[in-house]
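[1] Give the three-dimensional model of this entry:
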Amino acid sequence: MLQNLSRLREDAILGVMAKFRADPSPLKVDLGVGVYRDAAGNTPVLECVRRAERGILDAQTTKTYVAAAGRAEFNDAVIDLVLGRTHPAVADRRVICVQTPGGCGALRVGAQLLRVAAPAATVHVSDPTWANHVPLIGGAGLRLQRYPYYDAAGRRIAFDAMLEHLNGAAEGDIVLLHACCHNPTGADLDAQQWRAVAQILLRKRLLPYLDLAYQGFGEDVAADAAGVRLIADLVPECLIATSFSKNLGLYRERVGALLVIGANAHEAAAAQSHVLQIARSIYSMPPDHGAAIAARIFADADLSGSWIRELGAMRGRIRQMRGLLGQTLRRIGGDGRFDFLESQRGMFSLLGAPPAAIERLREEYHVYVMADGRMNLAGVMPSNAEYLADAIVRVLR
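    You can find the predicted model right below:
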């Protein structure tokens, strides 16, 4: 039977990771893999996580299952973080939250729910988008279509083209939206643009599917959820996938959640029954350790205060590295081609380089970015910014 299988192409992100690890050069720079790094190049365990984890391990008496929906106090805290305690949808009991194995698990469970609810619908995905969106959502059997999002030449959102596309979508279609820190462009909708999108969703009866993977990495925890909250205010139904890999550094613990907002409490409860059955058929029960850590942090004023400070430091470091690289590129290159780096948010931006230049960066300068030019700015360090900027200018001449 296995002889009928042909070898699949290597995953793009994992392939870049493997090449970087195999490169013996002391000059190598990793701007590929999408994880946060501190000034020493490490992906740290947050102090609030260490303290919460110690308390959990000291008090833990069993490793039995928690619940199919995950830890209740975690789910309640996620609703508060994403929508706020006073959001009308919460008061109306129109919101359900189910813990999932990371944001990827949330995206896939949500896609499976949509496959049941609207099998003929098309999911409209931004062009460009995170590479794993397509297999996670398309793999559920949903049809995908791209909508214009980023003007690569102008280094800005192609908003008019985006609206024109959404206006042409069929009633009942689904629109996948990056809630903040757009991956891979770093270019986010502003408040006025969010409102315009919400009005089209409402008028065309399109279902928003929001991916909130970087809450707290743009402006702050509340501001980064503003678009989500506005959509939830104006549109009766939506799905929200959220992740705590970045903002709590819980990458390997796989901590995520899927929120579903229904038009009424009855529809929300029905959606939950389907979500739990879908989860049961895929992974049965969610992992608990990371969710227990997150729940303890969110519930404890001292730990949550520590988290907000540590998250602010991570966000501040990325902003500083954006500024440092942008200014160094301006000085070495003699122009403002890369000034956009300082106005974008989150870990990612697009270099805007052809494939040949991306290959030269890797082969000649040991600088690793994704094939589409996505750069993880958390990989920029004070010690490598000069070398990195010089390499970029050289390959783009």
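[2] Tell me which stretches of the stretch 1-150 of the chain form helices.
    For the stretch 1-150 of the chain, the helices defined by DSSP state H, counting those that start in this stretch cover 12-22, 47-59, 72-83, 88-91, 102-117, 133-138.
[3] how about the strands in the stretch 251-397 of the chain?
    Under the criterion DSSP state E, counting those that start in this stretch, the stretch 251-397 of the chain carries strands at the ranges 255-261, 348-350, 367-368, 374-376.
[4] Any stretches of the protein with poor pLDDT?
    For the chain, applying pLDDT under 70 flags no range at all.
[5] SS state for Leu239?
    strand (DSSP: H, G, I helix; E, B strand; the rest coil).
[6] what residues are up against Leu258?
    Counting by Cβ atoms under 8 Å, 6 or more residues apart in numbering, Leu258 touches 97-98, 100, 105-106, 109-110, 239-242, 275. (C-beta placed from N, C-alpha, C; glycine too.)
[7] change it to 7 Å
    Leu258 is in contact with 98, 100, 106, 109-110, 239, 241, 275, counting by Cβ atoms under 7 Å, 6 or more residues apart in numbering.
[8] so what's it bridging to?
    Under DSSP bridges, the beta-bridge partners of Leu258 are Val98, Ala241.
[9] neighbours around the nearest residue to Val49 once chain neighbours are set aside, how many?
    Spatial nearest neighbour of Val49, chain neighbours left out: Ile293 (5.7 Å); criterion: Cβ to Cβ, 6 or more residues apart in numbering. Neighbour count of Ile293, defined by other Cβ atoms under 10 Å: 26.
[10] cool, and Gln192?
    A total of 9 residues lie near Gln192 under the criterion other Cβ under 10 Å.
[11] where's the nearest residue to Ala268 once chain neighbours are set aside relative to Leu329, distance?
    Spatial nearest neighbour of Ala268, excluding adjacent residues (Cβ to Cβ, 6+ apart): Gly262 at 3.5 Å. Using Cβ to Cβ, to the nearest Å, Gly262 is found at 48 Å from Leu329.
[12] Likewise for Trp307?
    Noted for Trp307: a distance of 33 Å to Leu329, by Cβ to Cβ.
[13] hang on, the earlier thing: if you compare the helices of the stretch 1-150 of the chain, which one is most tucked away?
    helix 102-117 (a mean of 23; mean count of other Cβ atoms under 10 Å).
[14] How far away from the center of its chain is it?
    Offset of helix 102-117 from its chain centre (Cα atoms, centre = their mean, to the nearest Å): 15 Å.
[15] what does the domain assignment say about the chain?
    For the chain, the structural domains run 11-44+314-395, 65-299, going by automatic domain parsing.
[16] Nearest to Arg54, out of those?
    Evaluated over the domains of the chain, closeness to Arg54 peaks at domain 65-299, with 10.1 Å, by Cβ to Cβ.
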